[in-house]
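Student: any chance you could fold what I've pasted below:
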Amino acid sequence: MNLSRQPFLLALLTLVALVAAAFLRRQGIAFPVETVGGPQTFAARWLVEMQHDWPRTFWVSCGLLAVISALLLGRLGVRYKLYGGGTLLTIPFYAIIACCIYISPEPAVGFAVSFLLTLALRYYCASYRNGYTFDVLFRGSVCLGMIPLLYAPAMPVAVLLPVGVLLFKRTLRELIVALCGLLLPVAAFSYLRWAFGEPFEEVVVQLAEQCRPAETGWIYVESSFAGFALSVVLALLVLGGAAAHAVDRYACSTKARAILAADFWLLAACASVPFLAVPSVVFLPLIAVPASVLIPFLFVRLRAAFANLLYLLVLALALLHLFL
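Tutor: From the prediction side, this is the model:
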C-alpha cells in the first residue's frame, strides 16, 4: 500500500487521532511563559480572556478548527490536482506541524490565525478562473486583514495578496477590491475602538509597535530528543517539497503551478514571522498551512517503499514526542 495515496477515511482517522492525542497530552503541561504569548493585540487579549472564562469550550473549538483547517487544505490539493496525482498527506501533516510539536496553553489565537490563513488561501485559489472574481478575492483579503488583529507579527502573510493577484492574473479593478478587503478589518476595529472613546489611530500604532525586529528568531522550548528530531525532519521535508516543486514544476498544470508558487511565497512570509517580534508558538499553526501544502509534492515523487518508510518515521516521532 502506498501511504502517500491513502484513502480519505484513513487520513481523517489519522488527523482526528493526532489532534485528540496532542490536545489531551498537552493540556495539563506547564509551559515556559516566555514562549507562550508573545505580543498580544486588543483582539488577542479579548480572545484569551474568553478562553480563560470557558476553557473546555475553547479547547474543543481549537481542536475543531485544526480538523477543519486540515480538511480544507487536503481538499485544496485534490481539487486543483497540485501534485499530479491524488494524495491526502496534507491532512495528517497539518496536524503534525500545528499540534504535535508544541501547543500553547492558550491555543485560541494560534488556531484562529491558522484557520483564517487557510480560508484566505482557499479563496485566493478559487479566484484563478475566467471572468471577474471580486467576491472571492474580497473574502480572502478580509481573512488576511483579520490575521494581524489577532497576531501583529503575522503581517508578512499579506504578501499573498500581490503574489496572488500577479500569479492568478487578476485585473487592476480586482486588485483595488482586494486592497479594500485587506484594510477593512483594521478600519472597522479602529472605528469600534474610537466609538468607545479611544484614539482612532491606536490600533494601527499598536500593530506597528509589535512588529519591531526581535533580538532572536528562535523559540526555545525544552523538548525530548523525539521532538527535536521531529522538528528537523519536518523542516527537511518542507525544503525537499520546495526543491521538488522547483525542479519538477512543469509536471503539473498551469493552475497548480501558480498555486504552489503562491504557497511557496506564503511559506517564506510565514518563516519571517518569528524575526519580527518576540517568538511565540502562534508561529507553528501559522506556518503549518503553507508547509503542509508543499510537503506532499515530495512524497508523490518518491518510490512507494521509501515514501511509506518516511511517513511512518514522522508518525512514530510525533507519537514518541507526545507520549514519552
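Student: with adjacent residues omitted, what lies nearest to L183?
Tutor: Spatial nearest neighbour of L183, excluding adjacent residues (CB to CB, 6 or more residues apart in numbering): G145 at 6.4 Å. Quick note: C-beta positions are derived from backbone N, CA and C, even for glycine.
Student: please enumerate the helices of the stretch 201-324 of the chain.
Tutor: 202-209, 225-247, 254-271, 283-299, 304-323 (DSSP state H, counting those that start in this stretch).
Student: of the ones you listed, which stretch is the most buried?
Tutor: helix 283-299 (a mean of 27; mean count of other CB atoms under 10 Å).
Student: next, the angle helix 254-271 makes with it.
Tutor: If you take axes from the mean of the first three to the mean of the last three CA atoms, to 10 degrees, helix 283-299 sits at 140 degrees to helix 254-271.
Student: coming back round to it: same list (the helices of the stretch 201-324 of the chain) but as JSON lines, adding mean pLDDT.
Tutor: Listed next are these as JSON lines, based on pLDDT from 0 to 100:
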{"stretch": "helix 202-209", "mean pLDDT": "81"}
{"stretch": "helix 225-247", "mean pLDDT": "89"}
{"stretch": "helix 254-271", "mean pLDDT": "92"}
{"stretch": "helix 283-299", "mean pLDDT": "92"}
{"stretch": "helix 304-323", "mean pLDDT": "92"}
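Student: R129 is nearest to which of the ones you listed?
Tutor: helix 254-271 (8.7 Å; CB to CB).
Student: mind giving me the packing neighbours of that closest one?
Tutor: Helices and strands touching helix 254-271, by 3 or more CB pairs under 8 Å, 6 or more residues apart in numbering; DSSP states H and E, are helix 108-126, helix 160-167, helix 225-247, helix 283-299.
Student: tabulate those helices (a markdown table), appending distance to G84.
Tutor: Below are these laid out as a markdown table (distance: least, CB to CB, whole Å):
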| stretch | distance to G84 |
| --- | --- |
| helix 108-126 | 17 |
| helix 160-167 | 19 |
| helix 225-247 | 11 |
| helix 283-299 | 9 |
